[in-house]
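K.L.:
Below is the sequence, then the predicted model.
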Protein chains: 2
Amino acid sequence: MNGVNMNSEPLTNCRFVKEEHISNGDWLSLAKITYLDQRGIPRVWEDATRLTRNEDTAPDAVGIIAFYRRLLHYDCIILVKQYRPALKAYTIEMPAGPIEGNEAPDMAAVRELKEATGFVGVIKKIGPVLAMDPGASNCSMRLVTVEVNGDEPENWHLKSNVNNERFREPLLIPVSELLDKLRAFAAAGFIIDSRIDAFAIGLVMGNHSRKTKIPTTLL
Amino acid sequence: MNGVNMNSEPLTNCRFVKEEHISNGDWLSLAKITYLDQRGIPRVWEDATRLTRNEDTAPDAVGIIAFYRRLLHYDCIILVKQYRPALKAYTIEMPAGPIEGNEAPDMAAVRELKEATGFVGVIKKIGPVLAMDPGASNCSMRLVTVEVNGDEPENWHLKSNVNNERFREPLLIPVSELLDKLRAFAAAGFIIDSRIDAFAIGLVMGNHSRKTKIPTTLL
């Protein structure tokens, strides 16, 4: 039953036709897309596009799953608290930011983590291109897993970049408390980024699972 | 060190001032926001807004972490494959969709799952309001955990809604293979939704962890 399409209409016929820009801001553009659906019928969709994207590097941004480790201490996850004008609210997010110019995703991740927290991290894994909000925009990202050695003197102190226009306050949250802390931040009025929340739910479910059985009742 | 702000400038002074709509489409709007930063300096930001939001219900959409369970079978995660005009690509996502009218998030989740897959699910947990793309839009969602009893006759067959304009092909992926399957879909040219990818990374890390120690080297 895995992956079986039970419908007679194949999903392989959809096709992009054209894109018209309705309006351009300085950083974002609103566009109207015409495409053919699975039956060949032309349909219209709207989306928002980042004008800052470098077409050569493809994804707009990186999100960083950053582990902070010290000998004899609990492993922590590094998060950032910041004001997000688009949401008119303070958010709790994983460190993240745009890929600049021809930067490789791993370099962008190390740079963004350093800018937001002062920490020097080592890349563990770089994920595939992911959609930020597939229903409303073409914005994309890669998730990069980074490890920060808290026993190195350069990583002894949190140092957020106060000279940066976009002020971010770094947080260290014990891995075992991540989901609980996110729930507490949400209760206090912060808006949580959907990726760090999904990651935290996965961590808890994975921790409680017995091989392939996941106890959803625990969540 | 948890949650300690090492900076002298507090993050509590940021404030929304005004929002001007640059352009409205039929479903999306491009807006310019003026806000005060942590030093009281006025700054400008752009964002995309869904015009379909019901201000009373707050979040735009629900994303569904749906478990499919049958006696003596592996637990599966229910995903959907679909064409996304904004990305000009086929995507792999968790079932998701807009909250309609005054619908409660749990009702929206049950309805969307039924529309996309034909399955009847039971709500396990409803999460807080989450940001879809906090740097570029005010779009928000809730993650809802749903369990589908595959031993019930009504859930014996995948039935995607072919009458629906937005065609979606449901997939059942064994929980234990989720991350591997997502990597295979990405390698085949699909764009993966960032939330299901983050969830899958969390599941694997949680599965391998020994209490609070997470082996990032495994990913």
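P.N.:
The structure has been received and is ready for your questions.

K.L.:
Please, where are all the helices along chain A?
P.N.:
Per DSSP state H, chain A carries helices over the ranges A:105-117, A:178-187, A:194-208.

K.L.:
how about these in JSON lines, adding distance to residue B:103, mean neighbour count and mean pLDDT?
P.N.:
C-beta: built from backbone N, CA, C; applies to glycine. Shown next, in JSON lines, are the helices of chain A (distance: least, C-beta to C-beta, whole Å; neighbours: other C-beta atoms under 10 Å in any protein chain shown; pLDDT from 0 to 100):
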{"stretch": "helix A:105-117", "distance to residue B:103": "37", "mean neighbour count": "22", "mean pLDDT": "93"}
{"stretch": "helix A:178-187", "distance to residue B:103": "21", "mean neighbour count": "17", "mean pLDDT": "96"}
{"stretch": "helix A:194-208", "distance to residue B:103": "19", "mean neighbour count": "25", "mean pLDDT": "92"}
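
K.L.:
Quick one: closest of those to chain B.
P.N.:
Nearest to chain B, of all these, is helix A:194-208, at 2.3 Å by C-beta to the nearest C-beta.

K.L.:
same for the closest one, what does it pack against?
P.N.:
Judged by 3 or more C-beta pairs under 8 Å, 6 or more residues apart in numbering or on different chains; DSSP states H and E, helix A:194-208 is in contact with strand A:89-93, helix A:178-187, strand B:61-69, strand B:121-131, strand B:140-149, helix B:194-208.

K.L.:
The second one packs against which elements?
P.N.:
The one in question is helix A:178-187. Checking 3+ C-beta pairs under 8 Å, 6+ apart, helix A:178-187 ends up next to strand A:191-193, helix A:194-208, strand B:121-131.

K.L.:
Residue A:118 is nearest to which of these?
P.N.:
helix A:194-208 (19.8 Å; C-beta to C-beta).

K.L.:
Quick check, central residue of chain A?
P.N.:
Centroid-nearest residue in chain A, with C-alpha atoms, centre = their mean: residue A:63, separated by 4.2 Å.

K.L.:
got the angle between the lowest-mean-pLDDT helix or strand in chain A and strand A:61-69?
P.N.:
The helix or strand of chain A with the lowest confidence, counting by mean pLDDT, DSSP states H and E, is strand A:42-50 at a mean of 86. Relative orientation of strand A:42-50 versus strand A:61-69 (axes from the mean of the first three to the mean of the last three C-alpha atoms, to 10 degrees): 50 degrees.

K.L.:
the inter-axis angle of strand A:42-50 versus strand A:140-149?
P.N.:
Going by the same axes, to 10 degrees, strand A:42-50 makes 40 degrees with strand A:140-149.

K.L.:
hmm, who's touching strand A:42-50?
P.N.:
With contact meaning C-beta atoms under 8 Å, 6 or more residues apart in numbering or on different chains, strand A:42-50 is reached by A:17, A:22, A:27-37, A:60, A:98, A:136-139, B:25-28, B:30, B:48, B:85-86, B:136-137, B:165.

K.L.:
okay, now residue A:143: neighbour count?
P.N.:
Per other C-beta atoms under 10 Å in any protein chain shown, the neighbour tally for residue A:143 reads 25.

K.L.:
what's the spacing between it and residue B:68?
P.N.:
With distances taken as C-beta to C-beta, to the nearest Å, residue A:143 is found 25 Å from residue B:68.

K.L.:
next one: residue A:141
P.N.:
Note on residue A:141: its distance to residue B:68, by C-beta to C-beta, is 28 Å.

K.L.:
just residue A:180 next, same as before
P.N.:
27 Å.

K.L.:
Repeat that for residue A:183.
P.N.:
According to C-beta to C-beta, residue A:183 stands 26 Å off from residue B:68.

K.L.:
Repeat that for residue A:175.
P.N.:
28 Å.

K.L.:
Looking at the two, which is more packed in?
P.N.:
Using other C-beta under 10 Å as the criterion, residue A:175 and residue B:68 rank with residue B:68 on top: 26 against 22.

K.L.:
Find the nearest non-adjacent residue to that one, please.
P.N.:
residue B:76 (4.2 Å; C-beta to C-beta, 6 or more residues apart in numbering or on different chains).

K.L.:
List the beta-bridge partners for the one you found.
P.N.:
Note on residue B:76: beta-bridge partners by DSSP bridges are residue B:68, residue B:174.

K.L.:
Next up, the contacts around it.
P.N.:
Contacts of residue B:76 were listed using C-beta under 8 Å, 6+ apart, and they are A:2, B:67-69, B:150, B:172-175.

K.L.:
mind running it again at 7 Å?
P.N.:
Taking C-beta atoms under 7 Å, 6 or more residues apart in numbering or on different chains, we find residue B:76 in contact with B:68, B:172-175.

K.L.:
Redo the residues you listed as JSON lines? Include pLDDT.
P.N.:
Below are the contacts of residue B:76 laid out as JSON lines (pLDDT from 0 to 100):
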{"residue": "B:68", "pLDDT": "94"}
{"residue": "B:172", "pLDDT": "93"}
{"residue": "B:173", "pLDDT": "95"}
{"residue": "B:174", "pLDDT": "93"}
{"residue": "B:175", "pLDDT": "91"}
